[in-house]
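> build me a model from this:
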Amino acid sequence: MSTVGERDGKEFMASLAKGLAVLSAFSAGRPTMSLSEAAQAAGLSRAAARRVLLTLGALGYVEQNGRNFTLAPKILELGFAYLSIQSWIERAEPLMRQLSTDVRAASNAATLHGAEVVFVARATAPSWLMAPATPVGTRLPAFHTSLGRVLLGHLPQEDIWARLKATRIVQHTPYTIMDRAALVERVIADREQGFSIVDEELERGLRTLAVPVVSRAGAAIGAINLVARAGQTTRNEMRDRFLPPLQETAARIAEGLA
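Predicted coordinates:
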């Protein structure tokens, strides 16, 4: 697995890494942090965290309210810069909206980052009966999401194992697969069939179906899914009724990709 620079190399900027660690510590579950909380979340000393937060504040990426810090709207510029160079995402959004309207189920698009998937586009279902789409920017464990499994399946098996070994497995529901060998087998089986169905492994009552978006060169540049409540849609229905239009949408998104 290639990286940009090495952590112990002379080109590695520790100060930049500390700043990114603090930014990454903010989340939906932790929208504000005190200095001590930021230091603990980012694994830094209080002095280092203070310098980082004050610098980010001076640059406009963080706002301070009393003892607490929160992300400022300017942080969106960083995310939009990434999205602007991902041409397939712009192409995917209207196609996903049409897909969601046709099958009356929410759709999401994601990319793979380490052992997580990052949601980069969404389309809400026109019916309250189905599950809602996940907000853009959400990160979820790749090994327990259908999006993640179809993306992991395009990696060499040794890379799959390396990412899995570096991951702490959490039992999200009684149906979560905890055995590492079984997880790799599931990823490989999904690769062979060309799609993945994850049934209540990450969240009770939630069933998802995903396929990869594959370029002409054979690279999986992302994945899209459909989401439904387990009590409203069976696995067979997702495979028989949802899979064909999902695969067609992924193929249309991939048109023109090198």
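
> secondary structure class for Ser107?
strand (DSSP: H, G, I helix; E, B strand; the rest coil).

> what's the answer for Phe119, then?
Here Phe119 is recorded as strand under three-state DSSP.

> number of residues surrounding it?
The tally of other residues near Phe119 (other C-beta atoms under 10 Å) stands at 20. Where you see a C-beta, it was placed from the backbone N, CA and C, and this is true even at glycine.

> likewise the one 3 residues further on?
By the measure other C-beta under 10 Å, the count of residues near Arg122 is 21.

> ok, it touching Thr134?
Yes. Applying C-beta atoms under 8 Å, one finds Arg122 in contact with Thr134, separated by 6.3 Å.

> list the residues that contact both of the two?
Asn108 (C-beta atoms under 8 Å, 6 or more residues apart in numbering).

> chain neighbours aside, what residue packs nearest to Leu59?
Lys74 (7.8 Å; C-beta to C-beta, 6 or more residues apart in numbering).

> next one: phi and psi at the one you found?
The phi/psi pair for Lys74 (degrees, to the nearest 10) reads phi -60, psi -20.

> burial count for it?
13.

> same question, Glu201
22.

> that's a strand at it, yeah?
No. Read with three-state DSSP, Glu201 is coil and lies in no strand.

> do I have it right that it meets His144?
Yes. In terms of C-beta under 8 Å, Glu201 counts as a neighbour of His144; the distance is 4.9 Å.

> joint contacts of those two?
What both Glu201 and His144 touch, as defined by C-beta under 8 Å, 6+ apart, is the set 172, 176-177.

> got a markdown table for those, with secondary structure too?
A markdown table is the format used below for those (three-state DSSP):
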| residue | secondary structure |
| --- | --- |
| His172 | coil |
| Thr176 | coil |
| Ile177 | coil |
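
> show me where the stretch 51-200 of the chain has its helices.
For the stretch 51-200 of the chain, the helices defined by DSSP state H, counting those that start in this stretch cover 76-84, 87-103, 146-152, 157-165, 180-193.

> hey, least reliable of those helices by pLDDT?
Mean pLDDT is lowest for helix 76-84 among the helices of the stretch 51-200 of the chain, at a mean of 62.

> now stretch 106-125, how far from the centre of its chain.
5 Å (C-alpha atoms, centre = their mean, to the nearest Å).

> try stretch 144-162
Remark: stretch 144-162 is offset 13 Å from the chain centroid, using C-alpha atoms, centre = their mean.

> and it, what's buried?
144-155, 160 (16 or more other C-beta atoms under 10 Å).

> widest-spaced pair of these?
Within those, two members stand farthest from each other by C-beta to C-beta: His144 and His154, at 17.6 Å.
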